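Chemist: task: produce atomic coordinates for the following.
(chains A and B, ligands or ions: 2)
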2 protein chains.
Amino acid sequence: MAQGLSPAIDALVDDLKRLPGVGQKTAQRMAFYLLERDRQGALALSASLQQAADRVGHCQQCRTLTEEALCRICANPARRESGVVCIVETPADVLAIEQTSQFKGRYFVLMGHLSPLDGIGPADIGLDELELQLKQGPVEEIILATNPTVEGDATAHYIADIAEQLGINTTRIAHGVPVGGELGYVDQTTLGHAFSGRKQFSR
Amino acid sequence: MAQGLSPAIDALVDDLKRLPGVGQKTAQRMAFYLLERDRQGALALSASLQQAADRVGHCQQCRTLTEEALCRICANPARRESGVVCIVETPADVLAIEQTSQFKGRYFVLMGHLSPLDGIGPADIGLDELELQLKQGPVEEIILATNPTVEGDATAHYIADIAEQLGINTTRIAHGVPVGGELGYVDQTTLGHAFSGRKQFSR
Ligand SMILES: [Zn+2]
Ligand SMILES: [Zn+2]
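Modeler: Numbering: from 1, shown residues only, chains lettered A, B, ... in the order given. Ligands and ions are numbered 1, 2, ... in the order given. Below you'll find the predicted structure:
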């Protein structure tokens, strides 16, 4: 509960603090900026927040966030019918991979990961739907791009088991030392992955 | 213009980027957070943005931002009728000074500073209204708390001239090395102020 200049400003500051990484000072700065210099921006943001909150659901094919039947990627026939499926945990992962411009296949977005302790099982992350899709279309390869965490790894193994039963080739993206990174600044889990995933050195 | 998953998400990301200090990555993270985990928060923020943008105007006495006739500080009779007036440039300055709990007088908020090159003259920052208030009520002291910049200093001098003509005592807040700050990390303007504002050392 902010104590500011008036109730409407307090409410705006409090609601801006709902945004991740925004504390009291930042929220105040944002509120004053909008009110002093960009009221049109405040109204535009208000409208797009309401539109998105009311209308955005999930892509019928890949489950990512979209207000349309198919997301922008699945709407592209060349990608929707691709035989290569990349499995990720979140919509943000999709955008990060898209930025590399290296992957031309399609995605399946779990919107989470297996977490039995929180009651999140296979159906909660769409694995029944994924199995259905794998049985229907001809799929040559599944690329597992879940996070290199305990839950992400468990989820990857679960999906690999499904794929094996269906005779589909499964790969996992490489984890290791970031390009340009220094060993001393890399956490030990990453360094462990870098060692276990080592390859023959080619000259 | 973002290239994301769908038009509604792109619009939301673009509008979040209007917030100061928010770039593409941060805006995407905020959008996904709201859509995946806090739709109620998105709708609440949408509503408070619209309310504030539509209704917030200026306090009739001190000019700061508020949707009421008087801001929360001026609504307090003890403060509204105080004979000590602190002049600041922005509503954010008011909140910063309030946080010190040291000042019990009233404010006058310029909502800017004199800037002849940008065509911002005395009337644009409410100095006609300030002069009127100084003539009407009994005012014992004016505290100048404009920023220690070229424009802030010029504005302070302009107001000090008005006050002198009206025979009102005028002070300026001290500028110098921040408490706990190290000399080596202080910019030269601040250090210059610290020297010119030096006081007799008392044991
Ligand atoms: Zn899709
Ligand atoms: Zn006021």
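Chemist: tell me how far residue A:85 lies from ligand 1.
Modeler: Residue A:85 sits 11 Å away from ligand 1, going by Cβ to the ion, to the nearest Å. (Each C-beta comes from the backbone N, C-alpha and C, glycine too.)
Chemist: my read: that residue touches residue A:140, true?
Modeler: No. If you go by Cβ atoms under 8 Å, residue A:85 and residue A:140 don't touch, sitting 9.1 Å apart.
Chemist: compare these two (neighbour count), which wins?
Modeler: Comparing residue A:85 with residue A:140 by other Cβ atoms under 10 Å in any protein chain shown, the one with more neighbours is residue A:85, at 24 against 11.
Chemist: now the more buried one: which helix or strand?
Modeler: Per DSSP states H and E, residue A:85 falls inside strand A:84-88.
Chemist: which secondary structure elements does the very next helix or strand once past that strand sit against?
Modeler: Going down the chain from strand A:84-88, the next helix or strand is helix A:91-100, by DSSP H and E. In this structure, helix A:91-100 packs against strand A:84-88, strand A:106-109, helix B:24-37, with contacts taken as 3 or more Cβ pairs under 8 Å, 6 or more residues apart in numbering or on different chains; DSSP states H and E.
Chemist: centre of the chain to the helix or strand that the last one is followed by, how far?
Modeler: Spelled out, that is helix B:24-37. Scanning forward in sequence from helix B:24-37 by DSSP H and E, the next helix or strand is helix B:39-55. For helix B:39-55, the separation from the chain centroid amounts to 23 Å (computed by Cα atoms, centre = their mean, to the nearest Å).
Chemist: what is the mean pLDDT for helix B:39-55?
Modeler: In this model, helix B:39-55 has an average pLDDT of 98.
Chemist: what is the subsequent helix or strand relative to that helix?
Modeler: Where DSSP H and E defines the elements, the next helix or strand beyond helix B:39-55 is strand B:57-58.
Chemist: whatever helix or strand comes next after that following strand pairs with which strands?
Modeler: Once the chain leaves strand B:57-58, the next helix or strand it forms, by DSSP H and E, is strand B:65-66. The strands beside strand B:65-66 in its sheet (DSSP bridges) come out as strand B:57-58 (antiparallel).
Chemist: re the thing from before, out of the helices and strands packed on helix A:91-100, the one nearest ligand 2 is which?
Modeler: helix B:24-37 (32.2 Å; Cβ to the ion).
Chemist: which residues touch the closest one?
Modeler: A:18-21, A:49, A:52-53, A:56, A:65, A:90-92, A:95, A:111, B:2, B:4, B:9, B:12-14, B:16-17, B:19, B:22, B:41-42, B:45 (Cβ atoms under 8 Å, 6 or more residues apart in numbering or on different chains).
Chemist: give me the distance from that helix to the chain's centre.
Modeler: 29 Å.
Chemist: please apply the same query to stretch A:28-43.
Modeler: When C-alpha coordinates are averaged (Cα atoms, centre = their mean), stretch A:28-43 and its chain have centres 30 Å apart.
Chemist: again with stretch A:110-130
Modeler: Remark: stretch A:110-130 is offset 14 Å from the chain centroid, using Cα atoms, centre = their mean.
Chemist: ok, residue A:197 touching residue A:173?
Modeler: No. Using Cβ under 8 Å, residue A:197 makes no contact with residue A:173, being 10.1 Å away.
Chemist: higher neighbour count, these two?
Modeler: Neighbours were counted for residue A:197 and for residue A:173 using other Cβ under 10 Å; residue A:173 has more, 14 against 11.
Chemist: show me what contacts that one?
Modeler: Applying Cβ under 8 Å, 6+ apart to residue A:173 gives the contacts A:143-145.
Chemist: swap in residue A:65?
Modeler: A:56-59, A:71, A:91, B:5-6, B:9, B:32, B:35-36.
Chemist: return the member of those nearest to residue B:177.
Modeler: Closest to residue B:177 out of those is residue B:32 (43.3 Å), distances taken as Cβ to Cβ.
Chemist: can you check the pLDDT for the closest one?
Modeler: Reported pLDDT for residue B:32: 97.
Chemist: please report how far it lies from ligand 1.
Modeler: To ligand 1, residue B:32 is 15 Å away according to Cβ to the ion.
Chemist: do residue A:131 as well
Modeler: Residue A:131 is 17 Å from ligand 1, where distance means Cβ to the ion.
Chemist: do residue A:31 as well
Modeler: In terms of Cβ to the ion, residue A:31 sits 36 Å off from ligand 1.
Chemist: what of residue A:178?
Modeler: Counting by Cβ to the ion, the separation of residue A:178 from ligand 1 is 28 Å.
Chemist: before we move on, what about residue A:62?
Modeler: Taking Cβ to the ion as the measure, residue A:62 falls 3 Å from ligand 1.
Chemist: enumerate every residue touching the residue most central in space within chain A.
Modeler: A centroid search over chain A (Cα atoms, centre = their mean) returns residue A:90, at 2.0 Å, as the residue closest to the centre. Applying Cβ under 8 Å, 6+ apart to residue A:90 gives the contacts A:109-112, B:32, B:36.
Chemist: buried subset of those residues as a PyMOL selection?
Modeler: Of the contacts of residue A:90, the buried ones go into a single PyMOL selection, burial set by 16 or more other Cβ atoms under 10 Å in any protein chain shown:
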select buried, (chain A and resi 109+110+111+112) or (chain B and resi 32)
